[in-house]
Structure formats: structure tokens, C-alpha cells
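> Structure for this input, please:
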Amino acid sequence: MKQLYEVIFYSGEQPLPAYYVIDQISCENIEEELKNKIVHFTQAVRKIFNIGDDISNYKIHKALYIIREDGLIPITNIG
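Model (predicted):
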């Protein structure tokens, strides 16, 4: 059964540090869906927050989270 997840980005660099919703995922297998869409999420974060190539993808990934029924999970801990 498909579940709905929200992908959020934590930015401590904005005037008001907060979590920002980047996208939603409706899927049965969150691990597989993240593998397929991680580039999309990374590009979305770069565009929304005007982040240049001087910041690594890994650093962006460390600030991405999934909201699941059991709480806020870093995407680096999924899969």
C-alpha cells in the first residue's frame, strides 16, 4: 500500500532557521523512491535556496529529512 511522505530540508542559514517542505513522495518503498529522486531533491534545494556548487551534495543530503509516521528521519539513515 502506498504511503505519503514529505521531504523536508533543514536550513539553519536562513533568517529564521526552520524545516522547509521540498516535495512529497507517494510510494510503497521509500528506500527505492529516494534512490530514484535524490538528484531531483538536491536540485530543488539548490534552486530554492540559491545554493551554489561550492556546497557538496552530501552536505545538502545531511539536511534532508523524511516525515514518517514514526517521526523525522534523515534521508542518510534510510536504505
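> Quick one: residues contacting the most centrally placed residue in the chain.
Of all residues in the chain, the one closest to the mean position by C-alpha atoms, centre = their mean is Leu64, 3.4 Å from it. By C-beta atoms under 8 Å, 6 or more residues apart in numbering, Leu64 lies in contact with 7-9, 22, 41, 45, 74-76. (Glycine included, C-beta is placed from N, CA and C.)
> go with 10 Å
7-10, 22-23, 34, 38, 41-42, 44-45, 74-76, 78 (C-beta atoms under 10 Å, 6 or more residues apart in numbering).
> Report the buried residues of the longest helix along the chain.
With secondary structure taken from DSSP state H, the chain has its longest helix at helix 30-49. By 16 or more other C-beta atoms under 10 Å, the buried positions in helix 30-49 come out as 30, 33-34, 38, 41-42, 44-45, 49.
> Stretch 68-79 now?
Quick answer for stretch 68-79 (16+ other C-beta under 10 Å): 75, 78.
> For it, give me every contacting residue.
Residues contacting stretch 68-79 (C-beta under 10 Å, 6+ apart): 3-8, 10, 19, 29-35, 38, 41, 58, 60-67.
> just the CA coordinates of that stretch, formatted as CSV?
Extracted in CSV, the C-alpha atoms of stretch 68-79 (Å, rounded to 0.1, in the frame of the first residue of the first chain):
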residue,chain,number,x,y,z
ARG,A,68,7.2,9.3,8.5
GLU,A,69,4.6,8.0,11.0
ASP,A,70,7.5,7.2,13.4
GLY,A,71,9.0,10.7,13.2
LEU,A,72,11.5,12.7,11.4
ILE,A,73,14.2,10.5,9.7
PRO,A,74,17.4,11.8,8.0
ILE,A,75,17.5,10.5,4.4
THR,A,76,21.0,9.4,5.1
ASN,A,77,19.6,6.9,7.6
ILE,A,78,17.1,5.4,5.1
GLY,A,79,18.2,2.5,2.9
